[in-house]
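Student: Below: sequence and its predicted model.
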Amino acid sequence: MMEPNPQAETARKLKRPRHRPASSGVRFLTAAAGIVVAAVCLVAARPGERVLRLTHVANEGVHVSTGARAVLIDALFDAPNPAYAAPAPDVLAKLIAGEAPFAGIELLLVTHNHPDHFRVAVVDRFLVAHPRVVMMAPADLVRALRDSAGNWPSYAARVRSIDLRPGERTTEEWAGGRVLAFRTLHGRTSESPMNLMYLVEMDGWTVFHEGDSDSNPESFRAVVDGGRKIDLALVHFWFPFVPAGQQIVDEVLRPTRVGLIHMPLEPGQFTPQLFASLTERFTLLSTPGQVIELRN
């Protein structure tokens, strides 16, 4: 988990974010529980229309699909730090079975080896059940999988170990396009576990996931070097409310849509009213099954 440092200082600096209004059909509602969620009208694509659909699993876990194929990120775990939500057993069962809304997975990404992002036993079951899925993950996580997973030999050839030093990046190819991986510190100071930010190309769409990064604008700038257009960025829930996070979103990533992830079960000063102040460009991903949809 990566949080503002320190939260007390963050609370004193909270201010209404300055962001461009959204341009798509995503709208915000307030759930009965008082949490701001996104609601979208899930209608069939028109002829020639492209659709990118994200379904929230839990914490930072998401399923992102173009209809033709899908990527799963940080969604295969069942015993996290109790401060964060885990995928429900029925959701994990659907993920492993490849049932709707989690069909079409061809790529599995894990940002780092923490129990609210990854568990060996769950990933082991998933890769056995999905013999065509390619997995990419940090080298230390892959070593843990190799050393502990009972079925490792059956899928070892499909697992790509990404071994980078902080500040280094690499590009991997997959069926949907390319994945750029950039290693950051975990949080502000720790080199362990390895944390990878991912920029994923999918059938002409581009999706960014930060994992638990160092929140350094220069790290994010290195990922989008060359002015890559980002359709959907997944960043920590507090980014819109602190200067560094605002800079990363508005000046560096400049995404069309922003999903806010890693929301703790007890959010403290981050109240529903605070999130309600955001424009429709932002979706707080706090409830399993939430959807963000982009069309063009």
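Tutor: Noted; the coordinates are in hand. Predicted, not measured: the structure shown is a model, and the values here were computed from it.
Student: Distance of Glu60 relative to Ser213?
Tutor: Remark: distance between Glu60 and Ser213 (Cβ to Cβ, to the nearest Å) = 11 Å. (Glycine included, C-beta is placed from N, CA and C.)
Student: In terms of neighbours, single out the busier of the two.
Tutor: Glu60 (29 against 26; other Cβ atoms under 10 Å).
Student: mind listing what that one touches?
Tutor: In this structure, Glu60 makes contact with Ile73, Asp74, Thr111, Asp116, His117, His209, Gly211, Asp212, Leu234, Ile261, His262, judged by Cβ atoms under 8 Å, 6 or more residues apart in numbering.
Student: switch to 10 Å and redo it
Tutor: 1, 73-75, 77, 84, 111-112, 114, 116-117, 209-212, 234-236, 259, 261-263, 285 (Cβ atoms under 10 Å, 6 or more residues apart in numbering).
Student: Repeat that for Leu234.
Tutor: 54, 56, 60, 62, 64, 73-74, 197-198, 207-211, 255, 257-262, 283, 285, 292.
Student: Let me know the helix or strand that it is in.
Tutor: Per DSSP states H and E, Leu234 falls inside strand 232-236.
Student: elements contacting whichever helix or strand comes after that strand?
Tutor: Once strand 232-236 ends, the next helix or strand along the chain (criterion: DSSP H and E) is helix 243-247. With contacts defined as 3 or more Cβ pairs under 10 Å, 6 or more residues apart in numbering; DSSP states H and E, helix 243-247 has these neighbours: helix 217-223.
Student: now the helix it packs on, how far from the centre of its chain.
Tutor: Remark: helix 217-223 is offset 17 Å from the chain centroid, using Cα atoms, centre = their mean, to the nearest Å.
Student: in it, what's buried?
Tutor: Pro217, Ser219, Phe220, Ala222, Val223 (16 or more other Cβ atoms under 10 Å).
Student: quick check, nearest of these to Val133?
Tutor: Nearest to Val133 among the buried residues of helix 217-223, counting by Cβ to Cβ, is Val223 at 23.9 Å.
Student: In contact with the closest one, which residues?
Tutor: 169, 180-182, 184, 197-199, 208, 210, 213, 230, 252-253.
Student: now the residues you listed in TSV, with pLDDT and distance to Ala276?
Tutor: Shown next, in TSV, are these (pLDDT from 0 to 100; distance: Cβ to Cβ, whole Å):
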residue	pLDDT	distance to Ala276
Arg169	96	36
Leu180	97	34
Ala181	97	35
Phe182	97	33
Thr184	96	31
Met197	98	28
Tyr198	98	30
Leu199	97	30
Phe208	98	25
Glu210	97	24
Ser213	95	26
Ile230	97	25
Val252	95	25
Leu253	96	23
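Student: could the residues you listed be laid out in CSV, adding distance to Leu127 and secondary structure?
Tutor: Shown next, in CSV, are the contacts of Val223 (distance: Cβ to Cβ, whole Å; DSSP: H, G, I helix; E, B strand; the rest coil):
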residue, distance to Leu127, secondary structure
Arg169, 25, strand
Leu180, 23, strand
Ala181, 19, strand
Phe182, 24, strand
Thr184, 26, strand
Met197, 23, strand
Tyr198, 18, strand
Leu199, 23, strand
Phe208, 24, strand
Glu210, 24, coil
Ser213, 26, coil
Ile230, 28, coil
Val252, 34, helix
Leu253, 31, helix
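Student: Kindly indicate which of those lies nearest Pro267.
Tutor: Closest to Pro267, out of all of these and judged by Cβ to Cβ, is Glu210, at 18.7 Å.
Student: So that closest one versus Arg143, what's the distance?
Tutor: Counting by Cβ to Cβ, the gap from Glu210 to Arg143 is 23 Å.
Student: So for these two, which residue has more residues nearby?
Tutor: Taking other Cβ under 10 Å, Glu210 and Arg143 do not tie; Glu210 has more neighbours (28 against 14).
Student: For that one, give me its contacts.
Tutor: So Glu210 contacts 2, 60, 111, 182, 184, 195-198, 219-220, 223, 233-236, 239, 248, 253, 261-262 (Cβ under 10 Å, 6+ apart).
Student: Model confidence for the residue lying closest to Trp174 once chain neighbours are set aside, exactly?
Tutor: With Cβ to Cβ, 6 or more residues apart in numbering as the criterion, Trp174 has its nearest non-adjacent residue at 5.1 Å, and that residue is Leu107. Note on Leu107: pLDDT of 98.
Student: So what's the gap between the strand holding Leu234 and the chain middle?
Tutor: When distances are taken as Cα atoms, centre = their mean, strand 232-236 is centred 6 Å away from the chain's centroid.
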